[in-house]
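Asker: sequence plus the predicted model coming up.
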Amino acid sequence: MSPQYHKDLYISWEEFHRDARRLCEELLDRDAYKGIVAVTRGGLIPASIVARELGIRLVDTICVVSYHGEQGQQQTEQAKVLKAPEGDGEGMLLIDDLVDTGKTARTVRECLPKATFATVYAKPKGRPLVDTCVREVSQDTWIRFPWDTELHFAVPLADKARKGSQDESD
Ligand SMILES: O=P(O)(O)OC[C@H]1O[C@H](OP(=O)(O)OP(=O)(O)O)[C@H](O)[C@@H]1O
């Protein structure tokens, strides 16, 4: 976890599915869409759920990669589009799992300025860049998505506390 993140938020598959369906409910009340554009890679998972719930069969991708670069003396972070659909995105629904700093959203919006942009989760810096989201978390939270994690044995709290006090006395 990078130093700017102080909290971990673990999301289970069930929780993600529930949140993604809440997003679908909100989207149903808005316009009808010709198709979906999933922002790779995290957007592929909610895009499938949205396509199912909204009865949309046309699903495309915008393939984006984030990288670290240097500008003068400063480290910069940029998002690069590897492949985008043709057109300006009119009538299309852009789906991503998360908007964090807004770096990806800004780049994607430049490519498809007329698309509606929806994410399941949003952090304050990126929230103004998307039209809708269902769950907002603080900027210093690192979201652990279920496809990035695996089940592990959890050490009982009492054992953890005992080990902590042992470490202190060593
Ligand atoms: O608002 P930002 O700071 O740009 O962060 C949001 C982006 O970060 C994640 O993708 P990631 O860069 O981890 O790539 P991946 O989905 O291909 O793993 C997520 O799926 C968003 O696209």
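Answerer: Good, I have the coordinates.

Asker: OK, contacts around the residue positioned nearest the centre of the chain?
Answerer: Nearest to the mean C-alpha position of the chain, counting by CA atoms, centre = their mean, stands Leu98 at 1.9 Å. Residues near Leu98 by CB atoms under 8 Å, 6 or more residues apart in numbering: Gly42, Thr119, Val120, Tyr121, Ala122, Lys123, Ile143. C-betas here are computed from N, CA, C, even on glycine.

Asker: ok, so of the residues you listed, who is nearest the ligand?
Answerer: Nearest to the ligand among the contacts of Leu98, counting by CB to the nearest ligand atom, is Gly42 at 2.6 Å.

Asker: tell me which helix or strand the closest one sits in.
Answerer: Under the assignment given by DSSP states H and E, Gly42 is not contained in any helix or strand.

Asker: can you map out the strands along the protein?
Answerer: Read by DSSP state E, the chain holds these strands, from start to end of the chain: 7-10, 35-40, 59-71, 74-83, 92-99, 116-122, 132-136, 141-144.

Asker: could you dump these into CSV with distance to the ligand added?
Answerer: What follows is those, written out as CSV (distance: least, CB to the nearest ligand atom, whole Å):
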stretch, distance to the ligand
strand 7-10, 14
strand 35-40, 5
strand 59-71, 4
strand 74-83, 6
strand 92-99, 5
strand 116-122, 8
strand 132-136, 12
strand 141-144, 9
